[in-house]
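*Asks:* no sequence on hand, only this structure:
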């Protein structure tokens, strides 16, 4: 391996890929599924800590300084972000906890962990890494700021709005937070834990990890091999066996998370979460999400009513944003996950990379449905004009927020590698059958050559004449040439079959290298038998020939493997 190259196991299709040396400005994608394996630029942990310090300063400033103020009919009302705590803690404690966790506490803890590791030299532990990972996945500062902007459109139609310093610092905090989330992935934090080395060093490039006994932890990203397994049980299971994907849970040595070759009970857990989301989605659209009290008259409105009122006010863009984020995205997300489960169970004739892209879209749009929840929180906090105009949250807010969170967990539970496993099983000539056929043919060829060589050595006497001793090497050479021709025909057929299916190309390289190695070994064995059965005059020169041919036989296989690896890359 050249200096600077590295092996990586794709977490979307389970393919072992060898990456070239990193170059600034270049991103590296998986050749099979198109997943990004390495980003264009790598931000150091020190720069991430510096930006985290600036983001914390912006957060504390936005919490302490006035945020905005509204005035209508001579009545003025001002608010800060801390006003949310005092207003919602009386009747809507659940909304208060959700707002504090997703917009203030999780971002603050995430920044504090990075700052403590870099500047205070705190040693990274699995507990800190787990906390960082939870804060990373449920940090919704950007969604909260977008909800504030949508609320302003509604507030401008009701009263005069004036912005203060806290509003601009909150915008700056959201921008810095988005940058930190884009450059501070959880895997970067997990890699700070020393003492655990990936088992990818001896993995074969171009093969799936499951076929090499490699398990990738979906929690921390560590790649390790399964230990404490019975060889007999491992040999009995074939790729066509349903138990091949699930052969017993084994804990990750770094984070102690339960793992298997594939997510355990993936279908059951995902379907259960989707059913819970569907059950909660019905009351979230039937019950009121916001109650408006104007001059003593209460008006209840659900999500559809809010969209209709915004459209009637002329705010078409905001109405479309609420419609897409609050109604379309939850439904589309549930349907997409159900379709992915169907494809993962029955397989498809198309390339699974299309469904990998669909899954990544589902992961991205999951949390943006919380816009409507933050809009209700902002409106309930700002519009508090006693006796004139008051806005309060409704019961549907709790149900809708639970729908968003449950669908996010359902999308994270689904294992997208099952898409490739089902596709390989559904297509004609799967990787498992292909591997078994090629391995069986290679074993048969070696056995035949060994039997022929043993038969020749038993028939030919030591004191045979020159004509018979000359005919034996010729016959052996012809047999070897015939076997090499048949092996070459098999290799051409294997290449043609693998080119027909994009998935089979990942296994073809290793099989061809193994066949070439078997052919070279069989040729060397035949030459040794022929030299042993030659007359004494030929025996004197046979050591030299063997000495010359042995290094050549040892160098053929690495050269062939290197050329095949260059061709594959």
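*Replies:* Everything's here; your move. Because the structure is predicted, anything quoted here is derived from the model rather than measured.
*Asks:* and the strands in the stretch 51-200 of the chain?
*Replies:* 68-72, 75-79, 160-163 (DSSP state E, counting those that start in this stretch).
*Asks:* may I see the buried residues of the first one?
*Replies:* Buried residues in strand 68-72, counting neighbours by 16 or more other C-beta atoms under 10 Å, are found at 68-70, 72. No exception for glycine: its C-beta is placed from N, CA and C like everyone else's.
*Asks:* elements contacting that strand?
*Replies:* strand 75-79, helix 141-158, strand 160-163 (3 or more C-beta pairs under 8 Å, 6 or more residues apart in numbering; DSSP states H and E).
*Asks:* and these: which comes nearest residue 216?
*Replies:* Nearest to residue 216 among those is helix 141-158; the distance by C-beta to C-beta comes to 28.9 Å.
*Asks:* any idea of the angle the closest one forms with strand 68-72?
*Replies:* 20 degrees (axes from the mean of the first three to the mean of the last three C-alpha atoms, to 10 degrees).
*Asks:* average pLDDT for helix 141-158?
*Replies:* Helix 141-158 carries an average pLDDT of 81.
*Asks:* give me the buried positions along it.
*Replies:* For helix 141-158, the neighbour count (16+ other C-beta under 10 Å) marks 141-148, 150-155, 158 as buried.
*Asks:* let me know the closest of the residues you listed to residue 30.
*Replies:* Closest to residue 30, out of all of those and judged by C-beta to C-beta, is residue 142, at 27.4 Å.
*Asks:* now tell me which of the buried residues of strand 68-72 the prediction trusts least.
*Replies:* Confidence by pLDDT is poorest for residue 72 among the buried residues of strand 68-72, given 71.
*Asks:* burial count for the closest residue to it other than its chain neighbours?
*Replies:* Excluding the flanking residues, the one nearest residue 72 by C-beta to C-beta, 6 or more residues apart in numbering is residue 159, at 3.5 Å. Other residues near residue 159 come to 20 when the count uses other C-beta atoms under 10 Å.
*Asks:* residues contacting stretch 144-159, please?
*Replies:* 70-72, 99, 102-103, 161, 167, 170-171, 174, 310, 313, 315, 318, 321-322, 368, 370-375, 377-379, 382-383, 389 (C-beta atoms under 8 Å, 6 or more residues apart in numbering).
*Asks:* right, so of the helices and strands packed on strand 68-72, which gets closest to residue 410?
*Replies:* helix 141-158 (18.6 Å).
*Asks:* can you list the domains in the protein?
*Replies:* 6-42+194-253, 263-425, 427-568 (automatic domain parsing).
*Asks:* list the contacts of the closest residue to residue 92 other than its chain neighbours.
*Replies:* Closest residue in space to residue 92, ignoring its immediate chain neighbours: residue 393 at 5.4 Å, by C-beta to C-beta, 6+ apart. Neighbour list for residue 393: 88, 92, 95, 289-291, 376-377, 380 [criterion: C-beta under 8 Å, 6+ apart].
*Asks:* cool, residue 167 as well?
*Replies:* Per C-beta under 8 Å, 6+ apart, neighbours of residue 167: 62, 67-68, 148.
*Asks:* apply 7 Å and report the result again.
*Replies:* Residue 167 makes contacts with 67-68, as judged by C-beta atoms under 7 Å, 6 or more residues apart in numbering.
*Asks:* hang on, the earlier thing: bridging residues for the residue nearest to residue 92?
*Replies:* residue 290 (DSSP bridges).
*Asks:* now do the helices in the stretch 51-200 of the chain.
*Replies:* For the stretch 51-200 of the chain, helices defined by DSSP state H, counting those that start in this stretch occupy the ranges 83-88, 93-100, 106-118, 126-137, 141-158, 165-183, 186-190.
*Asks:* of those helices, which is nearest residue 268?
*Replies:* It's helix 126-137; of these, that one is closest to residue 268 (C-beta to C-beta) at 22.0 Å.
*Asks:* which residues sit in contact with residue 200?
*Replies:* 7-9, 16, 223.
*Asks:* buried subset of the residues you listed as a PyMOL selection?
*Replies:* The following PyMOL line selects those of these that are buried, judged by 16+ other C-beta under 10 Å:
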select buried, resi 7+8+9+16+223
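*Asks:* pretty sure residue 6 contacts residue 20?
*Replies:* No: if you go by C-beta atoms under 7 Å, residue 6 and residue 20 don't touch, sitting 9.0 Å apart.
*Asks:* between those two, which one's more packed in?
*Replies:* Set side by side, residue 6 and residue 20 show more neighbours around residue 6, with 16 against 13, by other C-beta under 10 Å.
*Asks:* so what's that one up against?
*Replies:* With C-beta under 7 Å, 6+ apart, residue 6 has these contacts: residue 19.
*Asks:* give me the beta-bridge partners of it?
*Replies:* According to DSSP bridges, beta-bridge pairing links residue 6 with residue 19.
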